[in-house]
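>>> Dropping the sequence and predicted coords here.
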Amino acid sequence: EVAAECRVIARRIHARFGRDCLHYLEVGASPDDQSDAVALSASDWCVNMRIAVWALLDVLVVSATRDGLNLLPFEYVCARHARGDGGVCVLSEFAG
């Protein structure tokens with residue numbers, strides 16, 4: 001499972017470099033599925049809150065295995081552009 005592998009990688013980075021070097025978030029994950037990650041559900045947030053969070057991220061990874069129309073990457077790019085910052089948006093080939 002990709003999510004489990006990402007959690008393992010995040011734990012290794014935290015162990016080697018400290019917790020402040022990487023803030024790992026999973027949108028839509030359940031708290032039982034993870035220990036180091038923060039479980040978030042973007043559908044519970046208003047658009048203003050999502051834009052504020054996306055503006056703070058240097059990298060957004062959307063690793064959906066099945067997806068319909070996903071506006072998170074678009075929101076991320078718009079939020080970063082509004083701040084005048086670049087950023088990296090990595091999309092799964094399955095993201096809609």
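It's in.

>>> Could you check how far Val90 is from Met49?
Separation of Val90 from Met49 (CB to CB, to the nearest Å): 22 Å. C-beta: built from backbone N, CA, C; applies to glycine.

>>> hang on, Phe94 in a helix?
No - the assignment for Phe94 (DSSP: H, G, I helix; E, B strand; the rest coil) gives coil, which keeps it out of a helix.

>>> For it, give its distance to Arg11.
As defined by CB to CB, Phe94 lies at a distance of 25 Å from Arg11.

>>> The two: who's more crowded?
Using other CB atoms under 10 Å as the criterion, Phe94 and Arg11 rank with Arg11 on top: 16 against 12.

>>> Just the pLDDT at the more buried one, thanks.
You'll see Arg11 listed with a pLDDT of 86.

>>> ditto for Arg16
For Arg16, pLDDT reads 90.

>>> who touches it in this structure?
Under the criterion of CB atoms under 8 Å, 6 or more residues apart in numbering, Arg16 has no neighbours.

>>> Please tell me how far it sits from Ala52.
30 Å.

>>> And for Ala82?
Separation of Ala82 from Ala52 (CB to CB) stands at 11 Å.

>>> Now list whatever residues contact both of the two.
By CB under 8 Å, 6+ apart, Ala82 and Ala52 have no common neighbours.

>>> Now do the residue in the chain sticking out farthest from the centre against Trp45, distance only.
Distance from the C-alpha centroid of the chain peaks at Arg16, with 21.2 Å (CA atoms, centre = their mean). To Trp45, Arg16 is 31 Å away according to CB to CB.

>>> One more: Cys78?
For Cys78, the distance to Trp45 - CB to CB - is 15 Å.
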